[in-house]
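**Student:** Next come a sequence and a model predicted from it.
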Amino acid sequence: MLYLVILAIFVALVFDFLNGFHDAANSIATVVSTRVLSPRLAVAWAAFFNFIAAFGFGTQVAHTIGAGLIDISIVDYYVILAGLLGAIFWDILTWWLGLPISSSHALIGGYAGAAIAKAGFSTLILSGWVKVLSFIVISPLVGLVLGYSFMILVFWIFRKKSATKMDRVFRRLQLLSAASYSLAHGTNDAQKTMGIIAGVLFTAGYLKTYDIPFYVVLMCHAAIALGTFFGGWRIVKTMGSKITKLKPVGGFCAETAGAITIIGSSLAGIPVSTTHTITGAIMGVGSARRPKSVRWGVARSIVWAWILTIPVAASVSALVYLLFSLFV
């Protein structure tokens, strides 16, 4: 069964890479659209901070993903593989369509769909799902409110400064806010794959208790950083300019709002969508200038992709698990 362990870990790291690839737009779209950094420098900046997030924010989210949503006693290699393949399918499809969906919710949905296909809805741990599902709504709203509030506050503080002066100041500050957001992204999203890999090792008997070894932490942060470095360019345009036009001050406020929301959720062990959060923050920033500056039609198509993520990933993973069950 060693080959199944290796295969499951490999597929988990592929998903982690795709997570970084898909979500690179979240980390760099604002800093690229405001021309603070070139695209290649921006992805290198984001990838670096994705990786160093391994050294200081714990593994609370990994524990929630691995053992807080599904009864781990029913989990086997085929449940894990089917869950990952369903998530990867939805990630690649939405990347191709240029839609910034949540890789995290694709993973959660896929994992749940495969588990339900194996043993029914009783495998779900409802208390964990209440927390995850509620934050599908809460995290983008918090991002929106913080983004809006930061923009209003900045406009008031700099009310006597010229637009040129503001632009010069926030072009520098946006380097810090982009780094903070990338650190937050690595903190929350890499932990989701850690939870899956720890589940594989626990199922195989390589872990006596469900813990996250540090070598797993490093592998997952390296994979997501590598994915970020290669970047999902189709989504950058949607995030950076289709929702609303951004200037350095807006990029700074959106990234700061997203970073605060995501790091707070990570410390609480809540697996939130970094995509949802930064999208909400960008909408909040645009609304602070004037509501009409937000292209709400684009926002609606993004929200529909969010709504579909968990059920579609779950359905694909359930189908994959049923196919596995016919042959093994």
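**Tutor:** Yep, that arrived. Numbering: from 1, shown residues only.
**Student:** Spatially central, which residue of this structure would that be?
**Tutor:** The chain has T274 as the residue nearest its centroid, 4.0 Å off, counting by Cα atoms, centre = their mean.
**Student:** The nearest residue to that one once chain neighbours are set aside: how many residues sit nearby?
**Tutor:** Ranked by Cβ to Cβ, 6 or more residues apart in numbering and with sequence neighbours excluded, the top spatial neighbour of T274 is H185, at 4.8 Å. Bear in mind the C-beta positions are built from the backbone N, C-alpha and C, glycine included. Neighbour count for H185, taken as other Cβ atoms under 10 Å: 31.
**Student:** Can you give me the pLDDT of H185?
**Tutor:** pLDDT for H185: 86.
**Student:** what about it, distance to A225?
**Tutor:** 10 Å (Cβ to Cβ, to the nearest Å).
**Student:** which residues are common contacts for these two?
**Tutor:** Common neighbours of H185 and A225 (criterion: Cβ atoms under 8 Å, 6 or more residues apart in numbering): N50.
**Student:** What helix or strand is the residue nearest to T274 located in?
**Tutor:** Assigned by DSSP states H and E, H185 belongs to helix 163-204.
**Student:** downstream neighbour of the lowest-mean-pLDDT helix or strand in the chain in the secondary structure list?
**Tutor:** When the helices and strands of the chain are scored by mean pLDDT, DSSP states H and E, helix 233-237 comes last with a mean of 51. Later in the chain than helix 233-237, the nearest helix or strand by DSSP H and E is helix 248-267.
**Student:** Sort out which residues of that following helix are buried, please.
**Tutor:** Buried positions in helix 248-267, judged by neighbour count with 16 or more other Cβ atoms under 10 Å: 248-263, 265-266.
**Student:** quick one, what contacts T34?
**Tutor:** T34 sits next to R171, Q174, L246, K247, P248, G250, G251 when contact means Cβ under 8 Å, 6+ apart.
**Student:** how about CSV for these, with distance to A313 and pLDDT added?
**Tutor:** Shown next, in CSV, are the contacts of T34 (distance: Cβ to Cβ, whole Å; pLDDT from 0 to 100):
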residue, distance to A313, pLDDT
R171, 38, 84
Q174, 33, 86
L246, 30, 69
K247, 36, 78
P248, 36, 83
G250, 32, 86
G251, 30, 84
